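**Student:** have a look; sequence and predicted model below, questions after that.
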Amino acid sequence: MQHTSYIELSKSALAKNIRYLKKRIGPEVKYVSVVKGNAYGHGIEEFVPIAEQIGVDYFAVFDTYEAERVHRVKRKTTKIMILGMIYNDQLEWAIENDISFYVFEMDRFHHTIQAAKKVQKKAKIHIEVETGLHRTGFERAEINEVISLINSNQEYLVIEGLCSHYAGAESIANHVRVQNQYDEFLRIRDIFQQHGITAHYEHTAASAAALTYPHTILDLVRFGIVQYGFWSRETRIYNLLTEDAKFKKDPLSRVLKWKSNVMSVKSVKAGKFISYGNSYLTSQNTNIATIPVGYFHGYRRSLSNNGFVLIKGRKAPIIGTVNMNMLTVNVTSIPSVIKGDEVVIIGEQGKQKITIASFCETANLVNYELLARIPSQIPRYIVD
Ligand SMILES: *Cc1c(COP(=O)(O)O)cnc(C)c1O
């Protein structure tokens, strides 16, 4: 069945981004590609194989549902890490399939040991510790118990990681806050080491921390948003201005484009309202094009009378409200638009570009949310 819009993923853009990010962290540091949220809306099943072709061999997901999806399409040697939700009764599945996972509270830890005993295989775990995000992670007061559990169950555990996640790394104003979290991580790391426990990977950095506070890189980086070509808030400004990263041109390229086609065109006389309601009144004879994409397809209704699409390399403003399945644009100033013309919803066409950033300003969203909300049903195609 043909859909009314589609997404293109650029393999060359992804290759360029990954090359740049690997250069920033150096060859000794493990690159983990975060593909939670359906690969930030890009599509797990499409994204994982192309990232593998570019040299990625470790993916991080949120839960077992996403882990299973990666597991189905990945190469045999590619690894998976679960950062978040696992029901206790799914722990055996994870261990059997060599999937590593975060352990951040006692209940999961006890069930992990039981599950490893049951399947007679070591569980590969990443011990997450609290350093200031206050989301998940063992508290300082629990560390001694964690250490004695590790030491008394060595035949059932591989301590693949000791890790934490920053609050506020996307903002330079949080410099002290990030430093405090880093210092706390090192203090806890030292406690583990004093008890003879050294994790294979010590890791704290996601995109923003790795690129703004390079000392947080340690052994492994969990790269999310940047590999898709987007900066995490102030990270871009910082990287534009600092000596060690200085770039004149954005080194990242957007991987995703969202496209559709003109469904119908017609002309409307002056003095008529467009679409439902009375939010747009034509002041002259107006040519309109209707695009078969609406809020059902993930296009925000708040972009009514506000957003743009690209047709024939020109910007066409949305007029009237975004409907459930379609939206209407003004094409009066774009000559000879016909049914079937390509429409770019996100991405570039000719010299014009609709960026996710512009989208976010009008819809008051962060790029993460906008990407993650692109419906998974829209087909994804890989282009060079
Ligand atoms: C989402 C997430 C990441 C990736 O974050 P980005 O800012 O997109 O790089 C890394 N680690 C954890 C634990 C996360 O939840």
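**Tutor:** Good, I have the coordinates. Residues are numbered from 1 along each chain as shown.

**Student:** how about the one residue in the stretch 151-300 of the chain that gets nearest to the ligand, what does it touch?
**Tutor:** The ligand sits closest to residue 224 of the stretch 151-300 of the chain, with a gap of 2.2 Å, by CB to the nearest ligand atom. The way it works is simple: take the backbone N, C-alpha and C, and place the C-beta from them, glycine included. The contact partners of residue 224, by CB atoms under 8 Å, 6 or more residues apart in numbering, come to 34, 36, 40, 206, 207.

**Student:** so can I have a markdown table of these showing distance to the ligand?
**Tutor:** Formatted as a markdown table, the contacts of residue 224 follow (distance: CB to the nearest ligand atom, whole Å):
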| residue | distance to the ligand |
| --- | --- |
| 34 | 4 |
| 36 | 6 |
| 40 | 7 |
| 206 | 3 |
| 207 | 3 |
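
**Student:** can you tell me which of those residues are in helices?
**Tutor:** Judged by DSSP state H, helices contain the following of the contacts of residue 224: 36, 40, 207.

**Student:** touching, the first one and residue 83? I think so.
**Tutor:** Which is residue 36. Yes: using CB atoms under 8 Å, residue 36 makes contact with residue 83 at a distance of 6.8 Å.

**Student:** what's the local residue count around residue 51?
**Tutor:** For residue 51, the count of nearby residues is 26 (other CB atoms under 10 Å).

**Student:** so which helix or strand takes in it?
**Tutor:** helix 44-53 (DSSP states H and E).

**Student:** and that helix, which residues are buried?
**Tutor:** The neighbour-count check on helix 44-53 (16 or more other CB atoms under 10 Å) flags 44, 46, 47, 48, 49, 50, 51, 52 as buried.

**Student:** centre of the chain to stretch 189-204, how far?
**Tutor:** 28 Å (CA atoms, centre = their mean, to the nearest Å).

**Student:** that should have said stretch 267-286, apologies.
**Tutor:** 39 Å.

**Student:** residues in contact with that stretch: which ones?
**Tutor:** 287, 288, 304, 305, 319, 320, 321, 323, 328, 330, 332.

**Student:** can you tell me how far residue 195 is from residue 163?
**Tutor:** To residue 163, residue 195 is 17 Å away according to CB to CB, to the nearest Å.

**Student:** looking at the two, which is more packed in?
**Tutor:** Using other CB under 10 Å as the criterion, residue 195 and residue 163 rank with residue 163 on top: 26 against 15.

**Student:** now the more buried one, nearest residue through space, not along the chain?
**Tutor:** In space, and not counting its chain neighbours, residue 163 is closest to residue 203: 4.7 Å by CB to CB, 6 or more residues apart in numbering.

**Student:** near the ligand at all, stretch 124-136?
**Tutor:** No: using CB under 6 Å from any ligand atom, stretch 124-136 never reaches the ligand; the gap is at least 8.0 Å.

**Student:** for whatever residue of the stretch 251-384 of the chain ends up closest to the ligand, give me the pLDDT.
**Tutor:** For the stretch 251-384 of the chain and the ligand, the shortest gap (CB to the nearest ligand atom) falls at residue 368, measuring 6.7 Å. Listed pLDDT for residue 368 reads 90.

**Student:** do residue 365 as well
**Tutor:** The model reports residue 365 with a pLDDT of 66.

**Student:** go on, residue 174?
**Tutor:** Looking at residue 174, the pLDDT reads 89.

**Student:** that one belongs to a helix?
**Tutor:** Yes: under DSSP: H, G, I helix; E, B strand; the rest coil, residue 174 sits within a helix.

**Student:** tell me how many other residues crowd the residue nearest to residue 163.
**Tutor:** 27.

**Student:** which ones are touching it?
**Tutor:** 30, 32, 126, 161, 162, 163, 218, 219, 220, 221, 222 are the contacts of residue 203 under CB under 8 Å, 6+ apart.

**Student:** any idea how far it is from residue 25?
**Tutor:** 11 Å.

**Student:** now do the shared contacts for the two.
**Tutor:** Common neighbours of residue 203 and residue 25, counting by CB under 8 Å, 6+ apart, are residue 221.

**Student:** residue numbers of this protein in contact with the ligand?
**Tutor:** 34, 36, 83, 165, 206, 207, 208, 222, 223, 224, 225, 232.

**Student:** neighbours around the third one, how many?
**Tutor:** Spelled out, that is residue 83. 21.

**Student:** nearest spatial neighbour of the residue nearest the centre of the chain, skipping sequence neighbours?
**Tutor:** Residue closest to the mean C-alpha point of the chain, counted by CA atoms, centre = their mean, is residue 40 at 3.3 Å. The spatially closest residue to residue 40, leaving aside those adjacent along the chain, is residue 371, at 4.5 Å (CB to CB, 6+ apart).

**Student:** who's in contact with that neighbour?
**Tutor:** Residue 371 touches 37, 40, 41, 42, 228, 230, 256, 356, counting by CB under 8 Å, 6+ apart.

**Student:** hang on, the third one packs against residue 373?
**Tutor:** Yes: with the criterion set as CB under 8 Å, residue 41 and residue 373 qualify as a contacting pair; they are 6.9 Å apart.

**Student:** more neighbours: which of these two?
**Tutor:** For the pair residue 41 and residue 373, the greater number of neighbours falls to residue 41 (24 against 15), based on other CB under 10 Å.

**Student:** for stretch 70-83, buried residues please.
**Tutor:** 70, 71, 74, 78, 79, 80, 81, 82, 83.
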